[in-house]
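Q: just a sequence and a predicted model for now, questions to come.
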Amino acid sequence: MTWLARRALQAVVTALIALTLLFFLVRSLPGDPLAILSEDRPLTSAQVQDLRRRYQLDQPLGTQFVAFMTGALRGDFGTSIQYGRPVRQLVLERLPRTILLGAVVLLINFTLGLWLGVQQALHRGRPLDRLLTTLSLAGYAMPSFWLGLMLVMAFAVRWHWLPAAGAQDPGLEGAGILTIVTDRLRHLLLPAFTLAAVSIASSMRYQRAAMMDALRQPYVAAASARGLTRRRVVWGHAWRSALPSVLTLFGLWLPILVVGAVFVEQVFAWQGIGSLTAGAAAARDYPLLMGSAVLATAAVVTGSFLSDVLHALLDPRVRTG
Amino acid sequence: MSDRARTLFDAVWKRPSGRAGLLALASLALLALIGPFMLPDPTMQGDLLTQSLLPPGAGHLLGTDQLSRDVLSRVVNGLRLSLVIGLTAAILAVVFGAAVGLVAGARPGVVDALLMRTVDALLAIPRLFILLLVLAVWDRVPLPALVLLLALTGWYGTSRLVRAETVRLRHEDFVRAAEALGAGRLRIALHHILPNVAAPILVAGTLGVGDVILLEAGLTYLGLGIRPPTPSLGGMVLDSRAVFATAPWTSIFPGLVIVLTVLSVNLVGDALREALDPRSA
Amino acid sequence: MLRRCGRLLLLMMAGLSATGAAQSTPASPRRLVIAIGQSITNIVPTLNRSAAAMQISDLVFLRLGRYGGTSFGDHAAVPELAKGWTRRDSLTIAFDLDPRARWHDGTAVTARDVVYSFGRARDPKQSASTAMLLVDVAGVQAEGNNRVVIRFSRAYGEQLYDATYHVQILPAHLVAGIPADSLATSAFAQNPVGNGPYRWDRLEPTDYLQLRSVPDFFLGKPGIEQLVWRFTSSQETRLGMLLSGEADVQEDLIPPLSNLGRLAERPSLRAVNFPSMSVNYLLFNERTPGDTGRPHPIFADREVRRALTMGLDRATLSQALFVKYATPASSPAPRAAWFGALAPSPLEFNAREAIRILAARGWKDSDGDGVLDRNGAPFAFNLMVPTSSAARMQLALIVQEQWRRLGLKVELVPLELGDYLARRRPGNFDVATESFSSDPSPWSLIDRWGCSGEANYGRYCNRTADSLLRAAHLAQRDPAPAIRGWLRTVALDFPAVFLFAPDKVYAMPKAYGNVTFQVESPWQRVWTWTLPSAGR
């Protein structure tokens, strides 16, 4: 079996085991998911029975599991108890917003983060390097919801420069494309910045290490000896050999893209998968929780698979191992 | 062993960032240890009509919150809780992970494969998700259970580390010699394998403390972690949301303390990592 | 190259912020954006569950008559879909429909629609809650296209109220063919057709819901053309949106009181308050949690309940959370209700007397640990509160502290809303932090305080009180004495510590004229508001 096929099979098996673990974890815990529905008017016991039947909560565990697995492979996770609509529909509705936010954060991480990491490698051991490390660690140490809160208070509430919440202004239907794009970007700014600030440390660190490794390569010394300026050496040669390691990191970031940052989405009322999950957790919405969890797991498995594939493509030595 | 500990400490202390981290951590730990005894009761509400939302000043060094409770006292008590949870969960995670790694590394074959496949699968589920699932569905999680939960979702990396090291060392001469001399597996594990892997585990554990503190704060912020009226840093940020604009001290100080704590822990962990792997310096 | 990108990024960010600053001039007054906490999924009457959905539904689906300020007698309704009515005898009222009334698809509102709607509302399988309230309606018949005759099974004072308040009229020609249990997922539910001043425009699930005005609405042209309800789950985000101009109205401005001061940052906004139909109270469980057959070990004793009420400084509590925006309560009657004035005055706060009463019932601190005990058992109980309401959470914390000073060991149990409701129903609690919004009729309280009420979670039962309430419901002349008697009986039984009736405090733009909020459904008259004069 080729390396690729073997790796793919491994990914699938891992995903299936994870799904099984998830299912039994959720089902084995106590709690009554139907309670949220009786919010303002009480349900009669007949109505409760009917709902229990509709969501299959009265079937034996084994039956539920089989139904769940076959459903999950089809992409069908049943109906959300909170919203009364198919889970798949809810998730797909919110997915684009999460991807948008995640993509912007990724972009920031892979441009700014990379550039800062390179700077760190270039000035290794000197004050700038230490300062950047400390700053990035400080960012990492910040609770994302707290940072988001402070940014909202400063930029949205006190100075009215940016919107406080949401992904768009509902009143802009029919407005020009430029207005809409500007509006979307303005709503993106704060949540993306918050997420980037707390996550940039890892990209910086990764790039710093990769760059340092690259700078140690013999050909770099040779290039310097030949009289090429440091700048050309860095951006021309070493950069290229540092890139593979960083691209593999890209695959590992896929989960963040999809899962979304739960806390940040909450603070900014960003209607993505993260806030959907947080709400589902609060309401004990089993089907919706499971749908999100499966999506997240699939994203992680896919991400690490992609990461390995990219790594193998760029570094043939891996494939023979 | 204690020589090694001394060496590690020196290595961390030598680096300015490591030194700063150690000093900050020591101060915070001291504050958390002694503070609660010297400060007023964090759940005591003063006169609601006159003492609520007082800015920092005499009498209340960090001000009061909406229910006229002293912010400094709540912050210090919250810090103590966070440190306890962080340390305990990290230690438990390391112990559990090491145990699993040792077992998997020492017994090749089915057991190893099973354990490592399970670790792979568990790694595939984002940590926050498992925590959300369990905490939201479980009825009022008691504190020890929360700590255990945090520990049980954080051991995967350690187990892989230990397993790899165990597998590597299993074939070393000195281990074989010990086995030949009749030493029990456990003894081999404790005396030969673990010391070699102690340092990386220490780094992982230290960084794990910071992660746990952030996670716990986040979960409490979502309403799923520590329940009121127990003071907690994440809980204070949650409560302060409504009045942040007019009383920012109710949110700034708990957040700052979280940042300082996690930052100092990470600085120490980072310095340790550098000490063990000079190439990354 | 990256450096250049970095500079570009910074420039872009500055530019975006600037456009924002420029955009913060007020949006059009023809569009009103209301920030609410719950998301709405549908507004079809009898299908929706939440208070917010029902309020919006009132703008799209009208009734024969809207609430007239009292539930008793001939002034219980003001003409809406019916332009008038005549009483034929003590058991019959004939309603004449306004011939100008139209569905949003153009067809006329006819008697057939009314008959159909009442049929639905009276069917327990389709609408259990209204069926129970319409149990005294004997028959609904059409007489021609524009007249509906409603017959009652007995003569009583709330006939007109029952005929008009509970039933919103649905279009029979669109709904009659749909089987009852598929109405929720039908095309009609995704795109409802109503008869009110506003019509359904669109719903972005979990984001916002939009209504458009009906310019030829038969009772007058609405001034505001678009109504948007934006869903944001956190209160301070709603305030943030209000202050940054992304929303025009916030319904839950206080608590915290500091939000009132923040309104000053936007001079174009003001705070409007009006009495609400809700009452906050701490409900005692009079049965053992988990075993409703046995009385509660602590709270079955009425004197203990009285002491706990007396030992709470309710006035300070109300003051701290709401200042003047709440009135003290002594009974389930909300201040806004027409019968609210008939309630007795609340008990005075007296901690010393409370401790004395408790001692008289055997609760003393015999071991000096600061907690009262009796026969070796400490006075310990749990107080459950839903985390979904910040006001109730704060309330619970203050109550816990005050009761602690009396010597009671109160364990606070904050719960997710679903969990809270799940425990409340079977009586799995000691004390619950409740907030209930009642209908305008005192009879609507039977569900919560009557011996066989489905929502009587504390299992309070006083048959004398029940018969007094029933007498008030069936009174033909003056229900006030019976209501007064009921309120007094319930107040003296102390089934709960009635705390206060909070006002609704909304933040809204100053610009609108003729602003009125209806207590039973605040937004019902928004279509009569006038816009600021053009050119401002």
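A: Done, it's in.
Q: and the helix or strand encompassing A:Tyr206, what does it pack against?
A: Assigning secondary structure by DSSP states H and E places A:Tyr206 in helix A:177-216. Using 3 or more CB pairs under 8 Å, 6 or more residues apart in numbering or on different chains; DSSP states H and E as the contact criterion, the secondary-structure elements in contact with helix A:177-216 are helix A:87-108, helix A:114-122, helix A:127-141, helix A:144-151, helix A:239-252, helix A:262-267, helix C:2-23. Every residue, glycine included, has its C-beta placed from N, CA and C.
Q: the next helix or strand after it relative to helix A:177-216, how many degrees between them?
A: Using DSSP H and E, the next helix or strand after helix A:177-216 towards the C-terminus is helix A:218-225. Between the axes of helix A:218-225 and helix A:177-216, defined by axes from the mean of the first three to the mean of the last three CA atoms, to 10 degrees, the angle is 90 degrees.
Q: may I see the buried residues of helix A:218-225?
A: Within helix A:218-225, the residues that count as buried by 16 or more other CB atoms under 10 Å in any protein chain shown are A:Val220, A:Ala223.
Q: quick check: C:Tyr156 touching C:Arg477?
A: No: with contacts counted by CB atoms under 8 Å, C:Tyr156 stays clear of C:Arg477, the gap being 10.4 Å.
Q: compare the two (neighbour count), which wins?
A: For C:Tyr156 versus C:Arg477, neighbours defined as other CB atoms under 10 Å in any protein chain shown are more numerous around C:Tyr156 (20 against 8).
Q: OK, contacts around the nearest residue to that one once chain neighbours are set aside?
A: If the residues on either side of it in the chain are set aside, C:Tyr156 comes closest to C:Leu474, at 4.4 Å by CB to CB, 6 or more residues apart in numbering or on different chains. For C:Leu474, the residues meeting the contact criterion (CB atoms under 8 Å, 6 or more residues apart in numbering or on different chains) are C:Arg154, C:Tyr156, C:Gly157.
Q: gap between C:Ile483 and C:Gln319?
A: C:Ile483 sits 29 Å away from C:Gln319 when distances are taken as CB to CB, to the nearest Å.
Q: comparing those two, which residue is more hemmed in?
A: Of the pair C:Ile483 and C:Gln319, C:Ile483 is the one with more neighbours under other CB under 10 Å, namely 25 against 18.
Q: pLDDT score for the nearest residue to that one once chain neighbours are set aside?
A: In space, and not counting its chain neighbours, C:Ile483 is closest to C:Ala472: 4.6 Å by CB to CB, 6+ apart. At C:Ala472, the predicted lDDT confidence score is 90.
Q: need the contact list for C:Ala472.
A: C:Ala472 sits in contact with C:Pro442, C:Trp443, C:Pro479, C:Ala482, C:Ile483, C:Trp486, where contact means CB under 8 Å, 6+ apart.
Q: correct me, but the second one touches C:Glu158?
A: Same thing as C:Trp443. Yes: the pair C:Trp443 and C:Glu158 passes the contact test of CB under 8 Å, sitting 6.7 Å apart.
Q: leaving out chain neighbours, which residue sits closest to C:Ser127?
A: If you skip the residues right next to it in sequence, C:Ser127 has C:Thr46 as its closest partner in space, 4.1 Å away by CB to CB, 6+ apart.
Q: what is the neighbour count of A:Ala312?
A: 18.
Q: wait, a helix at it?
A: Yes: the assignment for A:Ala312, made by DSSP: H, G, I helix; E, B strand; the rest coil, places it in a helix.
Q: C:Arg331 and C:Phe339, how far apart?
A: Just so we're on the same page, residue C:331 is Ser rather than Arg. 10 Å.
Q: what touches both of these two?
A: Residues touching both C:Ser331 and C:Phe339 (CB under 8 Å, 6+ apart) are C:Leu487.
Q: which of these two has more residues huddled nearby?
A: Neighbours per residue (other CB under 10 Å) separate C:Ser331 from C:Phe339, with C:Ser331 holding more: 26 against 23.
Q: wait, that one sits on C:Phe498?
A: Yes: shown here, C:Ser331 and C:Phe498 form a contact pair, counting by CB under 8 Å, at 5.9 Å.
Q: flag every residue of the stretch 351-500 of chain C that's near chain A.
A: Where proximity means CB under 8 Å from any CB of the partner chain, the interface of the stretch 351-500 of chain C facing chain A comprises C:Glu416, C:Leu417, C:Gly418, C:Asp419, C:Tyr420, C:Leu421, C:Ala422, C:Arg425, C:Glu454, C:Ala455.
Q: just send these back as CSV, with secondary structure too.
A: Compiled in CSV, these are given as follows (three-state DSSP):
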residue, secondary structure
C:Glu416, coil
C:Leu417, helix
C:Gly418, helix
C:Asp419, helix
C:Tyr420, helix
C:Leu421, helix
C:Ala422, helix
C:Arg425, coil
C:Glu454, coil
C:Ala455, coil
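Q: farthest-separated two in those?
A: The two members of these with the most space between them (CB to CB) are C:Glu416 and C:Glu454, at 22.6 Å.
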